[in-house]
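[1] next comes the sequence, and after it the predicted model I'd like to discuss.
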Amino acid sequence: MEITMWDTIVSLFRGYMGTGLLMIWFLAALVYLFFREKDKNKRILFVYAPALTLLLFWNPLFAKFVYTYVGDEIYYRILWLLPVTIVTAYLAARLCGALAGGRRLLLAGACAALVMLSGSCIYKNPFFHRAENLYHMPQAVVEICDAIEVEGREVMAAFPGEMLQFVRQYSPVVCMPYGREALVPQWRLGNPLFDIMCTDPIDVEALAALAKQNLCHYVIILQGRPMTGSMEDYDYVLFGTYCGYDVYLDTTVYRGL
Amino acid sequence: MKIVLGMASLGLWLAVIPLCVGYLPAVLAGEGRRVRPVYWWLSGHVILWALFEWICVPLILTEDMGEEHFSPVVICFAAAGLLLALSGACLCLRGLRRGAWSPALIRGGLSGNRMGGSASTCFFWILAAGLILFQLVMAIVMTYWDGDDAYYIAVANLAEASGTMYKKVPYSYGMTLLDNRHGLAPFPIWIAFLARVSGMPVAAVAHTALPPVLIGMTYGIFYEIGSILFAGRRERLPIFLGFTALLVIFGDVSIYTAENFMIARSRQGKAALGSIVIPMVILLFLRILERRREERHPGAALWLLLAAAVTAGCLCSTMGTFLMCLFLGILGLCGAVSYRSFGLLWRTALCCLPALFFAGLYFAIG
């Protein structure tokens, strides 16, 4: 069945609002303010403009225009023009502020509980971690890059997948034969060397051959990863072990030292 | 010692210089007494971002293979920023001497906020401040590993280290041609600039130093918006701020929300677009509408500041050019119809010119 523009918009809106409750409170606030807000400026910014934005977002013709000329992946960002936080907080403050003393506290507490139950705490997101250092990088990346950097030139190193997105953020002189693009399936930019690094057990002969072909000075492997042989059999020496990762140095490649 | 100097330099470029620059539009609009330093600071950042876009983009586009245009960007922007800041500081000192404003005015404003009267207001102020402070601390001690940083922060790192902008492949190795989509929105180069002038590593600037400042800017904007919304009822302002903080903390309903971007990816330009530039446009338009209601002309400075915010949106993201035009179109239309004022519409349309220029540039260089 063909996916229409309308289906795409519905799917984007669903994806954007998640559980949907915070969006429902926002829409309810819009309706409330439409009937009760007397201030013209607040009506312009908090009622008319969001309503017009929503009308445009839901318009398939407009969506088609944006998809054609601006791009499809970022259509959801039109929803950033909705002042969800400002309008919801404004209404909560307005309602609470209309009461006094204990009743104000009670209503504020109820509204806060509603927000907490409707939303999701960002710090519980699994991608949040305690920072290990000033750079907010995994300590292993910092220590390995510091160890393998050579002053005045670039070095090439094959890193395991979990480190790819960090290496070039930390060190501009550490190069990799494959980067984050190898991790993103949609980009379809697979790399044979990376594929070997991901196999279990690692085929050492193939790894060594491909690493040499890519002019890698170093190969970094998580300690304890099953391997079909020893890297030392293919002109590599163990350069060091950092935070549980073995760093192998290719003795046949010139490092400029 | 190097870290102390680096922090001092970052403090200069993220706090003092924007504060001084932001005094310029305030005084040009005749608002020296009416606005608080937090508004100067926000305006200053917006002006500096706009300035950076105008300086950086031409130098990116004219950089050929083998050329290194990052240092000229640093020199030109530093010179222009310092010149504006010095002008602002001189005007500020002159205002102090002439009594246009005084530190007592700021103290008065702050104590006015604190007092609002009752114990419950005081309680709400403490709660709001606590929630905001919590987020600023979490921005330093916690980290969100986002894959897009592998592009943006690496671009900044490579520009700072090699002197070339967008000419090195950020993910792996080697040289590449300019990617127009990213090159026209050089927010990462602004991060590289901060790293260069502070001598701090790019990763530390982007992940540790910047997030609290950028999150702080968002709350500065919320504070200013709240101050206008509750002008006659200041006791509601801390409740408003507390709820904005709570909605941000619990705004992780999906990875697409502006709140998620604000906390998790604050160092990325698109996050600054959603959580700083768009709310800033709301704040500026609110000020324009307030002036219109009082039947006072908003003044060229306020409109120029809105145009600067539009340009800042272009610095943050290429999508910013489109979003800024769309947003100003919607706001201008709603404002013009409500006030039956054609002037509001065409002035808002004029503010879109920078975005139209950068959009045209994008399509022209294809």
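    The structure has been received and is ready for your questions.
[2] what about the stretch 1-150 of chain A, any weak spots by pLDDT?
    Scanning the stretch 1-150 of chain A for pLDDT under 70 picks out A:1.
[3] for it, just list every one of the helices.
    Counting by DSSP state H, counting those that start in this stretch, the segments of the stretch 1-150 of chain A that form helices are A:5-17, A:21-36, A:40-43, A:49-57, A:60-69, A:84-97, A:101-118, A:139-148.
[4] compile the ones you listed into JSON lines and extend it with columns for distance to chain B and mean neighbour count.
    Glycine gets a C-beta too; all of them are placed from N, C-alpha and C. JSON lines is the format used below for the helices of the stretch 1-150 of chain A (distance: least, C-beta to the nearest C-beta, whole Å; neighbours: other C-beta atoms under 10 Å in any protein chain shown):
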{"stretch": "helix A:5-17", "distance to chain B": "5", "mean neighbour count": "15"}
{"stretch": "helix A:21-36", "distance to chain B": "6", "mean neighbour count": "17"}
{"stretch": "helix A:40-43", "distance to chain B": "4", "mean neighbour count": "18"}
{"stretch": "helix A:49-57", "distance to chain B": "5", "mean neighbour count": "18"}
{"stretch": "helix A:60-69", "distance to chain B": "8", "mean neighbour count": "14"}
{"stretch": "helix A:84-97", "distance to chain B": "4", "mean neighbour count": "24"}
{"stretch": "helix A:101-118", "distance to chain B": "5", "mean neighbour count": "15"}
{"stretch": "helix A:139-148", "distance to chain B": "9", "mean neighbour count": "19"}
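[5] how about low-confidence regions in the stretch 51-200 of chain B?
    Within the stretch 51-200 of chain B, the ranges that satisfy pLDDT under 70 run B:100-117.
[6] shouldn't B:Asp148 be in contact with B:Arg265?
    Yes: counting by C-beta atoms under 8 Å, B:Asp148 does reach B:Arg265; the two are 6.9 Å apart.
[7] the two: who's more crowded?
    Using other C-beta atoms under 10 Å in any protein chain shown as the criterion, B:Asp148 and B:Arg265 rank with B:Arg265 on top: 21 against 13.
[8] so what's the more buried one up against?
    B:144, B:146, B:148-149, B:271 (C-beta atoms under 8 Å, 6 or more residues apart in numbering or on different chains).
[9] go again using 10 Å as the cut-off
    B:144, B:146, B:148-149, B:152, B:211, B:255, B:271-272, B:274-275 (C-beta atoms under 10 Å, 6 or more residues apart in numbering or on different chains).
[10] the closest residue to chain A within the stretch 251-366 of chain B: what secondary structure?
    At 3.2 Å from chain A, B:Val253 is the closest residue in the stretch 251-366 of chain B, using C-beta to the nearest C-beta. What DSSP: H, G, I helix; E, B strand; the rest coil gives for B:Val253 is coil.
[11] residue contacts, it?
    Contacts of B:Val253 by C-beta under 10 Å, 6+ apart are A:16-23, A:118-120, A:122, B:259-260.
[12] can you pull the pLDDT of it?
    Note on B:Val253: pLDDT of 94.
[13] how about it: what's its closest non-neighbour residue?
    Once flanking residues are discounted, B:Val253 sits nearest to A:Gly18: 3.2 Å by C-beta to C-beta, 6 or more residues apart in numbering or on different chains.
[14] let me see the contact set for that neighbour.
    A:118-120, B:251-257, B:260.
[15] for those residues, could you give me JSON lines that also reports distance to B:Glu290?
    Listed next are the contacts of A:Gly18 as JSON lines, based on distance: C-beta to C-beta, whole Å:
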{"residue": "A:Ser118", "distance to B:Glu290": "32"}
{"residue": "A:Gly119", "distance to B:Glu290": "31"}
{"residue": "A:Ser120", "distance to B:Glu290": "35"}
{"residue": "B:Gly251", "distance to B:Glu290": "28"}
{"residue": "B:Asp252", "distance to B:Glu290": "33"}
{"residue": "B:Val253", "distance to B:Glu290": "32"}
{"residue": "B:Ser254", "distance to B:Glu290": "34"}
{"residue": "B:Ile255", "distance to B:Glu290": "36"}
{"residue": "B:Tyr256", "distance to B:Glu290": "32"}
{"residue": "B:Thr257", "distance to B:Glu290": "28"}
{"residue": "B:Asn260", "distance to B:Glu290": "31"}
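[16] of these, which is the most crowded?
    So for the contacts of A:Gly18 (other C-beta under 10 Å), the most neighbours sit at B:Thr257, 28 neighbours.
[17] for that residue, phi and psi?
    Main-chain torsions, B:Thr257, degrees, to the nearest 10: phi -70, psi 150.
[18] residues in contact with it?
    B:Thr257 makes contact with A:16-18, A:22-23, A:76, A:79-80, A:84-85, A:119, A:122, B:248, B:251, B:263-264, B:274-275, according to C-beta under 10 Å, 6+ apart.
[19] apart from its chain neighbours, what residue comes closest to the residue of the stretch 151-257 of chain A found nearest chain B?
    Closest residue of the stretch 151-257 of chain A to chain B, C-beta to the nearest C-beta: A:Gly179 (2.9 Å). Excluding its sequence neighbours, the residue lying closest to A:Gly179 (C-beta to C-beta, 6+ apart) is B:Tyr171, at 2.9 Å.
[20] what's the spacing between that neighbour and A:Cys175?
    B:Tyr171 is 10 Å from A:Cys175, where distance means C-beta to C-beta, to the nearest Å.
[21] which residues are in contact with both of those two?
    Taking C-beta under 10 Å, 6+ apart as the contact rule, B:Tyr171 and A:Cys175 both touch A:167-168.
[22] hmm, back to that, can you tell me which of the contacts of B:Arg265 is nearest B:Cys90?
    The nearest member of the contacts of B:Arg265 to B:Cys90, counting by C-beta to C-beta, is B:Ala272 at 29.3 Å.
[23] so that closest one is in which element?
    Using DSSP states H and E, B:Ala272 falls within helix B:269-272.
[24] and which of the contacts of A:Gly18 is nearest to A:Met231?
    Nearest member of the contacts of A:Gly18 to A:Met231, counting by C-beta to C-beta, is B:Ile255, at 38.9 Å.
[25] can I assume that closest one is in contact with B:Asp148?
    No: using C-beta atoms under 10 Å, B:Ile255 is not in contact with B:Asp148; the gap is 11.0 Å.
[26] not counting its neighbours along the chain, what's nearest A:Leu107?
    Nearest to A:Leu107 is A:Cys96, by C-beta to C-beta, 6+ apart, at 5.0 Å.
[27] so what's that neighbour up against?
    Counted by C-beta under 10 Å, 6+ apart, A:Cys96 has contacts A:103-112, B:120, B:124, B:235-236, B:239-240, B:242-243.
[28] tell me which other helices or strands the helix of greatest length in chain B touches.
    If you go by DSSP state H, chain B has its longest helix at helix B:70-98. The helices and strands touching helix B:70-98, judged by 3 or more C-beta pairs under 10 Å, 6 or more residues apart in numbering or on different chains; DSSP states H and E, are helix B:17-28, helix B:37-61, helix B:149-162, helix B:187-198.
[29] picking up where we left off before, got any residues that touch both of B:Asp148 and B:Arg265?
    B:Ala271.
[30] residue contacts, B:Val337?
    A:44, A:48, B:344-345.
[31] circling back to that earlier point, angles on the backbone of the residue of the stretch 151-257 of chain A closest to chain B, please.
    phi -130, psi -150.
[32] ok, it touching B:Tyr151?
    Yes: with contact defined as C-beta under 10 Å, A:Gly179 reaches B:Tyr151; the gap is 9.4 Å.
[33] more neighbours: those two, which one.
    A:Gly179 (24 against 21).
[34] residues in contact with that one?
    Residues near A:Gly179 by C-beta under 10 Å, 6+ apart: A:159, A:164-165, A:167-168, A:189, A:191, A:194, B:150-151, B:154, B:169-173.
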